[in-house]
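Chemist: here is the input, now give the coordinates:
(one chain, ligands or ions: 1)
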Amino acid sequence: MGNYNGKFITLEGIEGVGKTTNRDFIRSVLETTGNAIVETREPGGTPLGEALRELLLHHRHAGMCADAELLMMFAARAEHLDKVILPALHAGKVVLCDRFTEATYAYQGGGRGLNDKKIAELETWVQGDLRPDLTIILDAPVATGRQRAGARSAPDRIEKEENDFFERVRHTYLELARHYPNRIALVDASVALDKVHDQIVHVLAEHGIIDSPDNSPDK
Ligand code: T5A
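Modeler: Model (predicted):
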């Protein structure tokens, strides 16, 4: 499953840290390199995945059992891999995905308290050895993220969780970055957007996805 010519880049972080905003920025940077780019998101990215997303985020399913939530995330992911992600990677494209399995470890593992082993078993079942080539975790204090998300739209079922839930989610993301420093990069997203962009450009260059800006002919 992991044998392909494309690049798989995922964006992660708690609510409102700027994943969608910075996904647009990364696309604009990658477009200058001539790469074919597929932008997508989880849960979602396919008709079935978007239907599952609606079920997962709607308030009428408040109190959904944590295992059901976990299995639906992976059901959406299996479809997403089959229909969108793997075909694009095998065609040599860059897949830029708003959230992936690190979100499951952070939200269903850290947030809901489900055992990591359960998540790891599903990860292996659905993904085999496929892992993102690069995951950028945008990190900001919970209050900052929630304030930004709240100013943008009304909270969905998961966004209605208490601060403690998001503190656990954030903590799990930080732990993931510590455990997998080669494929997960942490970016401080609490600062002004242009400073976040600078960090992202640095990370993309460090991982060989773009040329280092220090080598640009303009320098
Ligand atoms: N989920 C998902 C799981 O529980 N398990 C899983 O396995 C998966 C895949 C999905 C939900 O599903 C859960 C997690 C989520 O709860 P989502 O829509 O993908 O939902 O995630 P959200 O975090 O809700 O996405 P948001 O759109 O709310 O947040 P973003 O994309 O991080 O933030 P963005 O870019 O929309 O920015 C929010 C606002 O902040 C401003 C932007 O302009 C915007 O107004 N902003 C900044 N302002 C100042 N300075 C900066 N540096 C800024 N960066 C952004």
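
Chemist: quick check: which ranges of the chain have low pLDDT?
Modeler: Applying pLDDT under 70 to the chain picks out residues 1-2, 214-219.

Chemist: with adjacent residues omitted, what lies nearest to the residue nearest the centre of it?
Modeler: With distances taken as CA atoms, centre = their mean, the residue of the chain nearest its centroid is Arg99 (2.2 Å). In space, and not counting its chain neighbours, Arg99 is closest to Glu42: 4.5 Å by CB to CB, 6 or more residues apart in numbering. In short, each C-beta sits where N, CA and C put it, glycine included.

Chemist: residues contacting that neighbour?
Modeler: Residues in contact with Glu42 (CB atoms under 8 Å, 6 or more residues apart in numbering) are 49, 73, 76-77, 80, 97-100, 103.

Chemist: including secondary structure and distance to Thr10, could those residues go into a markdown table?
Modeler: Below are those laid out as a markdown table (DSSP: H, G, I helix; E, B strand; the rest coil; distance: CB to CB, whole Å):
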| residue | secondary structure | distance to Thr10 |
| --- | --- | --- |
| Gly49 | helix | 15 |
| Met73 | helix | 14 |
| Ala76 | helix | 15 |
| Arg77 | helix | 12 |
| His80 | helix | 12 |
| Cys97 | strand | 5 |
| Asp98 | strand | 8 |
| Arg99 | coil | 7 |
| Phe100 | coil | 4 |
| Ala103 | helix | 9 |
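
Chemist: of those, closest to Arg157?
Modeler: Closest approach to Arg157 among the contacts of Glu42 (CB to CB): Met73, at 13.2 Å.

Chemist: ok, the residue nearest to the centre of the chain to Asp156 distance?
Modeler: Arg99 sits 14 Å away from Asp156, going by CB to CB, to the nearest Å.
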